[in-house]
Structures are given as structure tokens and as C-alpha cells.
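Participant: all I have is the shape, not the residue letters:
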């Protein structure tokens, strides 16, 4: 019988906390059970194993990122929406760097559920980009370009490659503004 108050959502949130505290590569079911003050075997009431736990964490991370991006874009159009979504993306990664690393594992997960959740994140950007063109090929191209900008920037930022000579956020917004200028020329 499951412990009172313990459910799958609680288990996943506790795992997310462990991931951010100790790194996603250091997550084990034993450490999660210790955090929840239960026996490791009791976790199997809520998850089938570590692989399912990672899939659930990736799903949680994508949903969190999607919510932040959607909130940021609400009521905004074109360049203003892209600037807001970009800032939200950066904020998410800075607040949740290890959960972001789990998102990066998704292409190798072979999980259709995660692919669908990932499409929800992409749809936010596709909706904004469709305000510039209705050419689906161009939307895909610019989406990939944009994701490369975001991922490259947050990865370098997280690794400490930017000094304080020019604030990193100012550089980031300059890059986003250059991207928007390119879109305006379509």
C-alpha cells in the first residue's frame, strides 16, 4: 500500500529537486528513496524504474519550459514575442540547468510522448515565426536557427565562457535582435 501523501507527482518532483541539487547523472533510485524517506522498493509503486523516471523528468522539464515560454509570449507579436520567449528560455535554463540537460536527452529516448510534448514547445515558436512567413520550409529553417542560437548561448553561458566586460544578457538580446532583423527582411 502506498505511503499516505506519496504519489507519482511527488516522486517526480522530488527527483527533479535531486537532479538540480546533485546533477542528473547522479540520480539514483536509492538517493530518491532516501530523500522521500522510503525504501527503494516502494518507488516501484509509482515508477517502473530509472528509465521511466528520466522520461517523466524530461516531460516535466518540457512542460515547465513550455509554460514559461507561453506565458512570456502571451499578448505579444513578432519581435516582441521572440524577445520575451528568448528571455524566458534563458531564465528557465539558468534556474534549471540540470533539467535542461535532461531535455537534451529526448532525441535518444525514442519516446513518442516526449516527442509530442516537445512539439508543444516548438509550436510556440512556429506560431510566432508564422507571423513572418507562411512558408513551412522557412519556418522550420528559422526555428532550427533560433534553437541553435538559444542552445549555443545558454550552453556557453552555463559553462562560464562570458566575462563581465559586456553583460551576457545584453549580448544575448543583441543576438536575438539580429535574428529578428533577418526575419523582418523575409
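Facilitator: Happy to help now that I have it. The shown structure was predicted, so the numbers you read here are calculated from the model rather than taken from an experiment.

Participant: show me what contacts residue 111?
Facilitator: Residue 111 makes contact with 55, 58, according to CB atoms under 8 Å, 6 or more residues apart in numbering. The C-beta positions use only the backbone N, C-alpha and C, and glycine is treated the same way.

Participant: how about a cut-off of 7 Å?
Facilitator: Contacts for residue 111 (CB atoms under 7 Å, 6 or more residues apart in numbering) come out as residue 55.

Participant: do residue 76 as well
Facilitator: Residue 76 is in contact with residue 84, counting by CB under 7 Å, 6+ apart.

Participant: list phi and psi for it.
Facilitator: Dihedral angles of residue 76 (phi, psi; degrees, to the nearest 10) stand at phi -110, psi 160.

Participant: again, but for the one 10 residues further on
Facilitator: Reported as degrees, to the nearest 10, the phi and psi values for residue 86 are phi -60, psi -50.

Participant: is the nearest residue to it once chain neighbours are set aside within a helix or a strand, and which one?
Facilitator: Counting by CB to CB, 6 or more residues apart in numbering, residue 86 lies nearest to residue 176, which is 4.8 Å off, once chain neighbours are set aside. Residue 176 is located in helix 168-184, with elements delineated by DSSP states H and E.

Participant: just checking, what packs against that helix?
Facilitator: With contacts defined as 3 or more CB pairs under 7 Å, 6 or more residues apart in numbering; DSSP states H and E, the packing partners of helix 168-184 are helix 78-95, helix 136-159.
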